[in-house]
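[1] Using only what follows, build the 3D model:
(chains A and B)
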Amino acid sequence: MKTDIILSGVGGQGILSVAMIIGEAATRKGLTLKQAEVHGMSQRGGDVQSNLRLSEGPIASDLIPLGQADMILSLEPLEALRYLPYLAKDGWIITSSAPFKNIPNYPDEADLFAELNAQPHVVALDVETLAKENNVAKSANVVLLGAAAAFLKILDVETLRKSVGAIFAAKGAAVIEANNRAFDIGLEYVKRLNPSAL
Amino acid sequence: MEQRNKLLLLGDQAIALGAIHAGISGVYAYPGTPSTDITEFIQESPIAKARGLHSSWCTNEKTAMEAALGVSYVGKRALVCMKHVGMNVCADAFVNSAITGVNGGIVVLAADDPSMHSSQNEQDSRFYGKFALIPTLEPSSQQEAYDMMEEAFRLSEEMKLPVLMRIVTRLAHSRAAVAVKEEFSEVTTTGRPSAATDWVLLPAIARRRYLEVIAEQPQLEKLAETSPYNLFSPAREAGRAKRGIIACGIGYNYVMENYPDGCPFPLLKLSQYPLPKEKIATLAEQCDEILVVEDGQPFVEEQLVGVLPSRFVVKGRLSGDLPRTGELDPDNVKQALGLPSHEVYAPAQNMVPRPPALCNGCGHRDVYEALNKVAAEYPDAKIFGDIGCYTLGALPPFRSLSSCVDMGASITMAKGAADAGQFPAIAVIGDSTFTHSGMTGLLDAVNDKANITVIISDNLTTAMTGGQDSAGTNKFEAICLGLGVEPEHVRVVVPLPKNMEEITRILREEINYNGVSVIIPRRECIQTLNRKLKQKRASKSEN
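    Numbering: from 1, shown residues only, chains lettered A, B, ... in the order given. This next block holds a predicted model:
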């Protein structure tokens, strides 16, 4: 089995922490992993993406070919759509529904969401509001990871949850607890929405 | 068998650890994407700290290369790291280092950036290796990058030549598990003295050394023929193949991505140069045509094709089978291999680019605000830019800059323009770029009493690459005075909206002064400031 994930967002939103948690879980499970990141100029509020490839066997390319990503995991809806040609026909888009408008010509929101929701396999959730309402405002990206967890067949939910703890281990019990809660909020959201996905 | 630990490492980090494990005495580097993480890893490495390895940043790539030569001279190993365009800055020292030869091993790591994710050009550093007549290595994976480092230093000392290691962004900035040695080399020394008869490059000595380096070339080719990194695998089926493939560096991965069950064609994986001619001849005998898959420029393809018509068909970037520019990816390689493409979703309709921008609260913003205000008061003001975060001042909303060419060119272009009658001629340069390559140009301007206004936008760090130490911090006024700028025309301001009136007034005064003025807007980078505040809060909450 193999799973290819495109992580996307805007520079500074924290997609690399999400990648780190999934990477930790994959390493713990003994999977092969390659993860191409973006550093440098694009981090200044531009679009950023990371190609994360997990496999039970060897992985050749650091980059995911067109039409082969099993998931686009995005912290921003426009950024989720940016990588559409990379998504496999049966792949899922799991994205935050909160637009990050740092450009003057951001597309019309109604048009953007109409296009996003017209895709066959989409979960769009407002991770920032969900995080704020549950007093874990700083962990919106982990809420998104929780939502994705239900779809990541190559990694079981418990392994991922353990990795959330492992990544935040140095930051103390309160931070670990908040992030575990954030993870469960995302997971529960998806379970309510789409029990057939589990 | 030797014990190995598996670590999840960026290509850059694998190189750094490989160099530490090869027993280097230090790393010498100037920050530049995608090479920066190598030196940062060594700076944070517990082994490097325990060994006291040199890892502080150099003022530019040339000072880095020269310091490494000094390390080598006394018999120790040094790693030099830079982005591809840094090779141009250190080229004088780099090319001559093949003529002096080395004593302790030197590995020069050039991180190329095909597709220009964070660069001004996509020059291919392998040309520099050939130009300097030295061995060049091009790892295809993070594991190979780690393993090759030890080999590279050994090769450097064996051949008494520096070794160039060339990587690209997708190797530098991609993570994979790397098996690393649990027992590794101490800091090494050759124990040999260096001889002035090699190192003093007077013409008589240089001529002799040049002949010696040329005489070594057959041996370098032989080493490439037998290198474990240059692997030839014959076709799966017997008989002549329709096609053969030469896959260089990470190009190999993209070929294999397209043949998950193994490549059906004869394949030469190439990771050590000069070109292994015999291996290439063997490949050519077994196929009708050769496809060269190489990231960057058509370095191998050009050498195979030559000028005159040949009976061999060679395809690649020159022939148009692969794109002439931009990085390789699994999809353009798939197309070149003639494989059918996947069914894909069409690009989204509601799509706009999201270019990077100066951070909110960044001092450069206030500098451009002020500059635009004052420049608009003149019929034809020109603002010459430079390399750094502040290059983003060329984009909306500011659109302030007329140029951005290379490190330091703001000052010298403003000077040349002023020489030719341009007024006002304004240069904008960052603090780290100024010490990297701006100081010499400022001296030219002072000596000619050029009518230019230089803005050294000082945010106390090398911000673009993530906040590395800047060589000139706290020294800029002294440097400018030392270079001969008149004291009354070295002005310091704090770029904040509340100071806009003062900043614009000083700008006007200095533009109207007929001579060299330097204005230093100084305020800490908002990114490094926030990071420090965060760390402070974290250490407070721990106590």
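[2] same for the one helix or strand residue A:166 maps to, what does it pack against?
    For residue A:166, the element it lies in under DSSP states H and E is helix A:157-167. Other elements packing on helix A:157-167 under the criterion 3 or more Cβ pairs under 8 Å, 6 or more residues apart in numbering or on different chains; DSSP states H and E are helix A:15-28, helix A:140-149, helix A:173-193. (C-beta placed from N, C-alpha, C; glycine too.)
[3] between the shortest one and helix A:15-28, how many degrees?
    This means helix A:140-149. 50 degrees (axes from the mean of the first three to the mean of the last three Cα atoms, to 10 degrees).
[4] name the helices or strands packed onto helix A:140-149?
    Against helix A:140-149 (3+ Cβ pairs under 8 Å, 6+ apart) you get helix A:15-28, strand A:69-74, strand A:87-96, strand A:122-125, helix A:127-133, helix A:157-167, helix A:173-193.
[5] how does it look with 10 Å?
    strand A:2-10, helix A:15-28, strand A:69-74, strand A:87-96, strand A:122-125, helix A:127-133, helix A:157-167, helix A:173-193 (3 or more Cβ pairs under 10 Å, 6 or more residues apart in numbering or on different chains; DSSP states H and E).
[6] for the helix holding residue A:166, the distance to its chain's centre please.
    15 Å (Cα atoms, centre = their mean, to the nearest Å).
[7] What average pLDDT does it get?
    Average pLDDT, helix A:157-167: 94.
[8] neighbouring contacts of that helix?
    A:17-18, A:20-29, A:139, A:142, A:145-146, A:148-150, A:152, A:155-156, A:173, A:175-177, A:179-184, A:187, A:198 (Cβ atoms under 10 Å, 6 or more residues apart in numbering or on different chains).
[9] which residue is nearest the middle of chain A?
    residue A:73 (3.3 Å; Cα atoms, centre = their mean).
[10] Buried residues, the helix holding residue A:166. List them.
    A:157, A:159, A:160, A:161, A:162, A:163, A:164, A:165, A:166, A:167 (16 or more other Cβ atoms under 10 Å in any protein chain shown).
[11] Ok, stretch B:129-137 next?
    B:129, B:132, B:133, B:134, B:135, B:136, B:137.
[12] before we move on, what about stretch A:126-135?
    For stretch A:126-135, by 16+ other Cβ under 10 Å, it's A:127, A:128, A:130, A:131.
[13] ok, now stretch B:338-356?
    For stretch B:338-356, by 16+ other Cβ under 10 Å, it's B:344, B:345, B:348, B:350, B:354, B:355, B:356.
[14] Could I get the contacting residues of the fifth one?
    Applying Cβ under 10 Å, 6+ apart to residue B:354 gives the contacts A:10-11, A:42, A:45-48, A:76, A:78-79, A:82, A:100-103, A:105-106.
[15] that older thread, quick one: the buried residues of stretch B:338-356 as TSV, columns for pLDDT and secondary structure too.
    As requested, these are exported to TSV (pLDDT from 0 to 100; DSSP: H, G, I helix; E, B strand; the rest coil):
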residue	pLDDT	secondary structure
B:344	94	coil
B:345	96	coil
B:348	97	coil
B:350	96	coil
B:354	92	coil
B:355	89	coil
B:356	89	coil
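[16] what's near enough to touch residue B:159?
    B:101, B:102, B:105, B:134, B:135, B:213, B:216, B:219, B:220, B:223.
[17] got any ranges where chain A has weak pLDDT?
    A:40-43, A:194-198 (pLDDT under 70).
[18] how about 50 then?
    Filtered on pLDDT under 50, chain A yields the residue ranges A:198.
[19] And chain B, by the same measure?
    Checking chain B against pLDDT under 50 turns up B:1.
[20] Can you pull the domain assignment for it?
    Domain ranges of chain B: B:4-215, B:231-336, B:363-528, per automatic domain parsing.
[21] End to end on the second one, go ahead and measure it.
    The reference is to domain B:231-336. 21 Å (Cα to Cα, to the nearest Å).
[22] cool, stretch A:158-174 as well?
    20 Å.
[23] from the middle of its chain, how far away would that stretch be?
    The answer for stretch A:158-174 is 17 Å, by Cα atoms, centre = their mean.
[24] Tabulate the helices and strands packed on helix A:140-149 (CSV), appending distance to residue B:195.
    As requested, the helices and strands packed on helix A:140-149 are arranged in CSV below (distance: least, Cβ to Cβ, whole Å):
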stretch, distance to residue B:195
strand A:2-10, 55
helix A:15-28, 50
strand A:69-74, 58
strand A:87-96, 62
strand A:122-125, 70
helix A:127-133, 66
helix A:157-167, 54
helix A:173-193, 60
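[25] so which of these gets nearest residue B:192?
    helix A:15-28 (43.1 Å; Cβ to Cβ).
[26] Residues of the stretch 101-250 of chain B that sit close to chain A?
    Counting by Cβ under 10 Å from any Cβ of the partner chain, the stretch 101-250 of chain B comes close to chain A at B:113, B:116-119, B:140-142, B:169-177, B:250.
[27] Now, of these, which are buried?
    B:113, B:117-119, B:140-142, B:169-177, B:250.
[28] Now, those residues that are in strands?
    Residues of those located in strands (DSSP state E): B:174, B:175, B:176, B:177.
[29] ok, now which ones touch the closest residue to residue B:160 other than its chain neighbours?
    Once flanking residues are discounted, residue B:160 sits nearest to residue B:101: 4.4 Å by Cβ to Cβ, 6 or more residues apart in numbering or on different chains. Going by Cβ under 10 Å, 6+ apart, residue B:101 touches B:72, B:134, B:156, B:159-162, B:194-195, B:198-199, B:209, B:212-213, B:216.
[30] SS state for residue B:499?
    helix (DSSP: H, G, I helix; E, B strand; the rest coil).
[31] Who does the closest residue to it other than its chain neighbours form a beta bridge with?
    Closest residue to residue B:499 apart from its sequence neighbours, by Cβ to Cβ, 6+ apart: residue B:493 at 6.3 Å. Counting by DSSP bridges, residue B:493 forms beta bridges with residue B:521.
[32] Would you mark the buried spots in whichever strand or helix holds residue B:478?
    In this assignment (DSSP H and E), residue B:478 forms part of helix B:476-482. For helix B:476-482, burial by neighbour count (16+ other Cβ under 10 Å) applies to B:476, B:477, B:479, B:480.
[33] wait, which of those is closest to chain A?
    Using Cβ to the nearest Cβ, residue B:476 comes nearest to chain A of those, at 23.8 Å.
[34] give me every residue that touches the closest one.
    Here residue B:476 is in contact with B:431, B:434, B:435, B:439, B:456, B:458, B:470, B:490, B:492, B:518, B:520, B:522 (Cβ under 10 Å, 6+ apart).
[35] Take these and keep only those in helices.
    Judged by DSSP state H, the contacts of residue B:476 include B:431, B:439 as members of helices.
[36] Need the buried ones from the contacts of residue B:476 selected in PyMOL.
    Here is the PyMOL command that selects the buried residues among those (16+ other Cβ under 10 Å):
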select buried, chain B and resi 431+434+435+439+456+458+470+490+518+520+522
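[37] Mean neighbour count for the helices and strands packed on helix A:157-167 - can I get that in TSV?
    Converted to TSV, the helices and strands packed on helix A:157-167 look like this (neighbours: other Cβ atoms under 10 Å in any protein chain shown):
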stretch	mean neighbour count
helix A:15-28	22
helix A:140-149	27
helix A:173-193	18
